[in-house]
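# Below: sequence and its predicted model.
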Amino acid sequence: MTQNRTATETPALNNLWVLLVQNDGELTAQDADGRVPMIARAGNDQKYLLVFKNVLKARQFLTTQDFDGAEPRMVVRANHADIVRIAKSAGVVGTLLDYDPTTQKYASAGALA
């Protein structure tokens, strides 16, 4: 059975991948190591957390971008609350799954959970 996600569904963050980058003082919240998950601003001027189905997709994203020190990290129970806390403090309204900057397309969008 194939499951299709729509923009109204909330994808669980657990077992998805985010990209952690150094905060450099841009956000007020960060993890214990001074990192924050990568966030994108969409055309509607809202902010979205970039999430990826697997580490390969996360690394493919990084090959098209110039982000020194960005690190793919799987969202698990131990870091889930931290990632959501940081994202919410930055005004993130949702997630973009498997965003491809070369085509500017993504697999799905969902609420931040």
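In hand now; what should we look at?
# Go through the lowest-mean-pLDDT helix or strand in the chain and flag the buried ones.
Least confident element among the helices and strands of the chain, by mean pLDDT, DSSP states H and E: strand 108-111 (a mean of 90). By neighbour count with 16 or more other C-beta atoms under 10 Å, strand 108-111 contains the buried residues 109-110. (C-beta placed from N, C-alpha, C; glycine too.)
# Can you name the residues bridging to Val18?
On the basis of DSSP bridges, Val18 is bridged to Arg73.
# so where's this protein uncertain?
Within the chain, the ranges that satisfy pLDDT under 70 run 1-11.
# So in it, which helix runs the longest?
helix 77-89 (DSSP state H).
# The least confident helix or strand of the chain packs against which elements?
Helices and strands touching strand 108-111, by 3 or more C-beta pairs under 8 Å, 6 or more residues apart in numbering; DSSP states H and E, are strand 92-97.
# Quick check: phi and psi at the closest residue to Gly91 other than its chain neighbours.
Among residues not flanking Gly91 along the chain, Lys47 sits closest, at 5.2 Å (C-beta to C-beta, 6 or more residues apart in numbering). Here is the backbone geometry of Lys47 (degrees, to the nearest 10): phi -100, psi 140.
# Relative to Met74, how far out is Lys47?
22 Å (C-beta to C-beta, to the nearest Å).
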